[in-house]
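In: Sequence and predicted structure are below.
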Amino acid sequence: NAGVTQTPKFRILKIGQSMTLQCTQDMNHNYMYWYRQDPGMGLKLIYYSVGAGITDKGEVPNGYNVSRSTTEDFPLRLELAAPSQTSVYFCASSYSFVWQGSYSYNEQFFGPGTRLTVL
Amino acid sequence: TQLLEQSPQFLSIQEGENLTVYCNSSSVFSSLQWYRQEPGEGPVLLVTVVTGGEVKKLKRLTFQFGDARKDSSLHITAAQPGDTGLYLCAGARDDKIIFGKGTRLHILP
């Protein structure tokens, strides 16, 4: 198993350009997540998906879009890059389910990250 | 609004010393996880605690979940340089997981 893979590893964009960050997992996990991590900070949730065809906003969704057409893939789209989007982006997946009314979260597996700079 | 507060933000201590880092919230979480992240890599799960008052041990690391499931602590005994990294707590609430900002730990040889 490759786990969670992300491409590209590094990218430099000019203001106003667009790009797609790719994320693939081969563990048949139902949940997938996109986070950004700014220098010296923790992780902020951008978008997440509970399964194919279902996505929802996280804490910082503005300027991003996602889709989940398959269980394995969860691409993140930046339409008009801005310097504020300079960050390290992590994709993650987990198997989660509802038990006795509460979500039971198993381990989140993270990809290696994409370092994005917008100039 | 930062729902999970981690303290201290930074900690630099000598090898062999003991330390405790904290993860506090005013909200109740159904479970809480601790991750460690090394430079240039994604976080890796250390432990998940789900029951109020639960204590889990992982070699020299001891994790505790508060009785009210609002806070947690991580205690490291006899810290080693290999413990250096960013320690993140993450709480599960409704259908989301919320991360704290992390404690950056540096163990001096």
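Out: Arrived safely.
In: B:Glu41: what secondary structure?
Out: What DSSP: H, G, I helix; E, B strand; the rest coil gives for B:Glu41 is coil.
In: quick one: contacts for it?
Out: B:Glu41 is in contact with A:Pro112, A:Gly113, counting by CB atoms under 8 Å, 6 or more residues apart in numbering or on different chains. C-beta: built from backbone N, CA, C; applies to glycine.
In: ok, now with 10 Å
Out: By CB atoms under 10 Å, 6 or more residues apart in numbering or on different chains, the contact list for B:Glu41 reads A:Phe90, A:Phe110, A:Gly111, A:Pro112, A:Gly113, B:Gly85, B:Leu86.
In: Then A:Leu76?
Out: Residues in contact with A:Leu76, defined by CB under 10 Å, 6+ apart, are A:6, A:19-23, A:34, A:36, A:46-47, A:64-67, A:89, A:91, A:114.
In: Give me the distance between it and B:Lys96.
Out: According to CB to CB, to the nearest Å, A:Leu76 and B:Lys96 sit 17 Å apart.
In: is it true that B:Leu4 touches B:Thr103?
Out: No - with contacts counted by CB atoms under 10 Å, B:Leu4 stays clear of B:Thr103, the gap being 11.5 Å.
In: If B:Thr20 is in a bridge, with which residues?
Out: As for beta bridges, B:Thr20 partners with B:His75 under DSSP bridges.
In: Let me know the pLDDT of it.
Out: pLDDT, B:Thr20: 97.
In: Of the contacts of A:Leu76, which are in range of chain B?
Out: Residues of these in contact with chain B (CB under 10 Å from any CB of the partner chain): A:Gln6, A:Cys91.
In: Spit out the contact partners of the residue nearest to the spatial centre of chain A.
Out: Closest residue to the average C-alpha location of chain A: A:Trp34 at 1.9 Å, with CA atoms, centre = their mean. A:Trp34 makes contacts with A:6, A:21, A:23, A:43-49, A:55, A:58, A:60-61, A:64, A:66, A:74-76, A:89-92, A:111, as judged by CB under 10 Å, 6+ apart.
In: ok, now how distant is it from chain B?
Out: Per CB to the nearest CB, to the nearest Å, A:Trp34 is found 12 Å from chain B.
In: Same check on A:Phe110?
Out: Distance, A:Phe110 to chain B, by CB to the nearest CB: 3 Å.
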